[in-house]
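*Asks:* how would this look folded up:
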Amino acid sequence: MKMHSSVVEKLIHYFENYGGHSTHDKLRKLMNSMDLTPYEKKTGSQEVVLVLTEDFVKQLSGGK
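*Replies:* Sure, this is the predicted structure:
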């Protein structure tokens, strides 16, 4: 299973802003609170990708 690029970007944002501290409490808390949804691509390979749930819900409701 892979992560969607939006998940990777969110993780990079967290690492850049909250990583490198002596205790990684804030980083751990943010990463533990990430809500991910498996999404099965309907193109050829039927690949399952983890997406941010908030983005998934926006797409379902027609928002951007």
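*Asks:* so where do the helices sit in this protein?
*Replies:* Taking DSSP state H as the test, the helices found in the chain are 5-18, 25-33, 53-60.
*Asks:* Nearest to Glu47, out of these?
*Replies:* Nearest to Glu47 among these is helix 5-18; the distance by C-beta to C-beta comes to 13.7 Å. (Glycine included, C-beta is placed from N, CA and C.)
*Asks:* who touches the closest one?
*Replies:* When contacts are defined by C-beta atoms under 8 Å, 6 or more residues apart in numbering, helix 5-18 is touched by residues Met3, His24, Lys26, Leu27, Leu30, Met31, Met34, Leu36, Leu50, Val51, Leu52, Asp55.
*Asks:* same thing but at 6 Å, please
*Replies:* For helix 5-18, contacts defined as C-beta atoms under 6 Å, 6 or more residues apart in numbering pick out Lys26, Leu27, Leu30, Leu50, Leu52, Asp55.
*Asks:* same deal with stretch 34-50?
*Replies:* With contacts defined as C-beta under 6 Å, 6+ apart, stretch 34-50 is touched by Met1, Lys2, Met3, His4, Val7, Val51, Thr53, Phe56.
*Asks:* What's the local residue count around the fourth one?
*Replies:* By the criterion of other C-beta atoms under 10 Å, His4 has 17 neighbours.
*Asks:* how many neighbours does the nearest residue to it once chain neighbours are set aside have?
*Replies:* Among residues not flanking His4 along the chain, Val51 sits closest, at 4.5 Å (C-beta to C-beta, 6 or more residues apart in numbering). Applying other C-beta under 10 Å, we find 18 residues neighbouring Val51.
*Asks:* quick one, what contacts Val51?
*Replies:* Per C-beta under 6 Å, 6+ apart, neighbours of Val51: His4, Thr37, Tyr39.
*Asks:* Write down the beta-bridge partners of it, one by one.
*Replies:* Thr37 (DSSP bridges).
*Asks:* sorry, back to before: got the contacts of helix 5-18 as CSV, with pLDDT columns?
*Replies:* What follows is the contacts of helix 5-18, written out as CSV (pLDDT from 0 to 100):
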residue, pLDDT
Lys26, 90
Leu27, 92
Leu30, 93
Leu50, 95
Leu52, 96
Asp55, 93
